[in-house]
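Chemist: With the sequence up front, the predicted model follows.
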Amino acid sequence: MAAISLSITPNPNSNTNALLGSPPKYLLCRFSSNSRFFHRPFLHKLPSFSASPHKFQTSRSQSLCVSPSSSTSTASHTYDVVIVGAGIIGLTIARQFLLESDLSVAVVDAAVPCAGATGAGQGYIWLVHKTPENDKWELLMRSRRLWEKFAESIQLQGMNPLEILGWKKTGSMLVGRTFNESVMLKKKVEQLSEAGLRAEFLSTSDLMVEEPALMVGKEGGAAFLPDDYQIDAKRTVSFIQKVNRQYTPEGRYVEYYHEPATSLVRSGSSGEVRAVKTSKNTLYSKKAVVIAAGCWTGSLIHDLIRDSSIQLDVPVKPRKGHLLVIENFKSLELNHGLMEAGYVDHLAAMKSTVSDSESVHDAQTLSISMTATMDAFGNLVLGSSRQLVGFNTEIDESIINHIWERAGEFFPTLSKLSLGDFTKSREVRVGLRPYMPDGKPVISPVPGLSNLFLAAGHEGEGLSLALGTAEMVADMVVGNPVKVDHAPFSLQGRHY
């Protein structure tokens with residue numbers, strides 16, 4: 001069992017301000033391709049936007065980012081909250097502060113939104129493969145309710161959540177093909193039902209009605225949650241950005257993109273984190289600095305405090321995943337989101353492998369489980385793979401072939417088709433999920449570094465947990481009572 005190393009030691013040589021950090025370095029989770037949300041949603045009128053898909057593309061000319069200074073010296077700016085990371089977690093945290101307080105917010109990123117795991121995900125908000133006794137359950141349920149309120153508020157404004165967010169209640173199925181998997185799935189249905197969810201077990205004959213293209217054999221079946229949702233991460237992030245930017249004219253929201261964070265500025269007397277230094281600017285914070293940099297959070301924290309006497313190890317690691325997208329796919333009809341039962345077993349096996357190793361990078365075993373969704377725009381999305389191979393984001397064609405072949409074992413229609421026939425209509429997404437060895441994100445203040453908060457390590461649950469995480473962070477910073485127990489996500493007392 002290993003614990004997070006946390007040792008805060010004051011620097012005896014500090015003057016009024018202590019600069020912690022290293023030379024500028026781009027820290028970016030990459031997205032490879034070849035072809036949030038608020039506690040009181042009905043109290044805030046959302047701005048009206050066109051629902052046309054092309055209107056949701058971020059362009060440099062439309063960006064409200066601060067332009068780089070022509071001077072070689074850095075400029076200084078002051079905000080109430082500075083957030084490092086513009087993925088779904090960072091942007092929804094910003095949104096929470098903007099809607100639920102009068103605080104000003106700056107968002108910093110070495111790249112742009114959706115450049116990391118957020119843009120490479122499958123986009124589901126499912127509970128069918130979750131366990132009610134898990135430490136994350138309460139946060140998952142809270143976040144799910146917030147997503148539902150978010151979609152409802154968009155609808156009340158006369159907009160269509162399907163067009164704005166790709167939001168659709170598809171329901172989800174955890175599918176098994178063996179007798180033992182069916183037994184497990186029946187128990188899961190009981191657990192989910194006892195937790196208050198609408199859940200049912202579907203036999204082979206039931207599945208033939210719900211998903212005619214799916215083949216699971218005589219002993220197969222599925223756990224079915226009809227109230228689970230599908231969402232498009234890119235559209236959602238684009239909409240959140242547009243809403244956040246409504247606060248720019250009043251000076252409450254600014255984006256600093258293509259600006260890697262390079263160091264923290266601390267008060268030598270109190271240890272309080274006073275600013276984030278980027279490659280172009282020094283951003284002072286009156287109230288909080290939030291690090292929400294996904295899989296790069298651990299290495300970023302290490303770089304930010306490298307030249308200090310502080311020892312802080314946050315073991316967030318990149319877990320590589322591939323997804324295959326076939327655009328406008330007409331050969332197969334899917335009515336729900338599907339995931340094979342082995343997905344849960346593979347996650348547990350990967351966690352066990354990492355826990356027993358000296359280094360997370362020793363566990364490089366590839367696992368592939370069938371996941372299949374038809375997004376709101378007619379694209380077939382197939383996954384998924386999991387690897388612990390560092391920050392490598394190169395596309396591995398052998399893995400894509402494995403994903404296709406695995407899907408063909410469940411869908412006979414696909415087994416009769418050649419992946420090569422879809423070269424011009426396919427997209428491959430490669431993302432680095434921010435993995436924590438104990439499977440729980442860190443949502444916590446940093447002891448000894450006053451005003452510094454972490455929100456990272458959500459792995460493949462960034463979308464599912466985003467709104468609950470944003471609410472939790474904002475409540476911590478402003479001193480509101482938290483809606484969900486944050487103890488399981490604290491930085492201290494974590495063991496692996």
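Modeler: Yep, that arrived.

Chemist: buried sites along the top helix by length along the chain?
Modeler: Taking DSSP state H as the criterion, the chain has its longest helix at helix 137-156. Along helix 137-156, these residues count as buried under the neighbour rule (16 or more other C-beta atoms under 10 Å): 137, 139-144, 146-151, 153-154. Where C-beta positions appear, they are placed from N, C-alpha and C, glycine not excepted.

Chemist: on contacts alone, who are the packing partners of the very next helix or strand once past that helix?
Modeler: Using DSSP states H and E, the next helix or strand after helix 137-156 towards the C-terminus is helix 161-165. Here helix 161-165 touches helix 137-156, helix 233-244, going by 3 or more C-beta pairs under 8 Å, 6 or more residues apart in numbering; DSSP states H and E.

Chemist: What angle do helix 233-244 and the longest one make with each other?
Modeler: When axes from the mean of the first three to the mean of the last three C-alpha atoms, to 10 degrees is applied, the directions of helix 137-156 and helix 233-244 differ by 70 degrees.

Chemist: Just the C-alphas of helix 137-156, formatted as PDB.
Modeler: As requested, the backbone C-alpha atoms of helix 137-156 are provided in PDB (Å, rounded to 0.1, in the frame of the first residue of the first chain):
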ATOM      1  CA  TRP A 137     -21.800   7.100  -6.000                       C
ATOM      2  CA  GLU A 138     -23.100  10.100  -4.100                       C
ATOM      3  CA  LEU A 139     -21.100  12.500  -6.300                       C
ATOM      4  CA  LEU A 140     -22.200  10.600  -9.500                       C
ATOM      5  CA  MET A 141     -25.900  10.900  -8.500                       C
ATOM      6  CA  ARG A 142     -25.500  14.600  -7.600                       C
ATOM      7  CA  SER A 143     -23.800  15.400 -10.800                       C
ATOM      8  CA  ARG A 144     -26.400  13.500 -12.800                       C
ATOM      9  CA  ARG A 145     -29.200  15.500 -11.300                       C
ATOM     10  CA  LEU A 146     -27.300  18.700 -12.100                       C
ATOM     11  CA  TRP A 147     -26.900  17.600 -15.700                       C
ATOM     12  CA  GLU A 148     -30.600  16.900 -15.900                       C
ATOM     13  CA  LYS A 149     -31.400  20.400 -14.500                       C
ATOM     14  CA  PHE A 150     -28.900  21.900 -17.000                       C
ATOM     15  CA  ALA A 151     -30.700  20.200 -20.000                       C
ATOM     16  CA  GLU A 152     -34.100  21.300 -18.600                       C
ATOM     17  CA  SER A 153     -32.900  24.900 -18.300                       C
ATOM     18  CA  ILE A 154     -31.800  25.000 -21.900                       C
ATOM     19  CA  GLN A 155     -35.100  23.600 -23.000                       C
ATOM     20  CA  LEU A 156     -36.900  26.300 -20.900                       C
END
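
Chemist: what distance separates it from the centre of its chain?
Modeler: Here helix 137-156 is found 16 Å from its chain centre; the criterion is C-alpha atoms, centre = their mean, to the nearest Å.

Chemist: can you check the last one too?
Modeler: Between the mean C-alpha location of helix 233-244 and the chain-wide mean there is a distance of 14 Å, by C-alpha atoms, centre = their mean.

Chemist: Give the next helix or strand downstream of that helix.
Modeler: Assigned by DSSP H and E, the successor of helix 233-244 is strand 253-257.

Chemist: Summarise which helices and strands the helix or strand just after that following strand is packed against.
Modeler: Toward the C-terminus, strand 253-257 is succeeded by strand 261-267 as the next helix or strand (DSSP H and E). Helices and strands touching strand 261-267, by 3+ C-beta pairs under 8 Å, 6+ apart, are strand 17-21, strand 273-278, strand 281-291, helix 297-304.

Chemist: can you give me the offset of strand 261-267 from its chain's centre?
Modeler: Counting by C-alpha atoms, centre = their mean, strand 261-267 comes out at 25 Å from the chain centroid.

Chemist: What of stretch 163-172?
Modeler: That offset, for stretch 163-172, works out to 17 Å (C-alpha atoms, centre = their mean).

Chemist: just stretch 377-395 next, same as before
Modeler: With C-alpha atoms, centre = their mean, you get 14 Å for stretch 377-395.

Chemist: show me where pLDDT drops low in the protein?
Modeler: 1-73, 269, 307-308, 344-364, 495-496 (pLDDT under 70).

Chemist: Try it again at 90.
Modeler: 1-74, 114-122, 133, 266-272, 299, 301-313, 342-366, 376-377, 447-450, 492-496 (pLDDT under 90).
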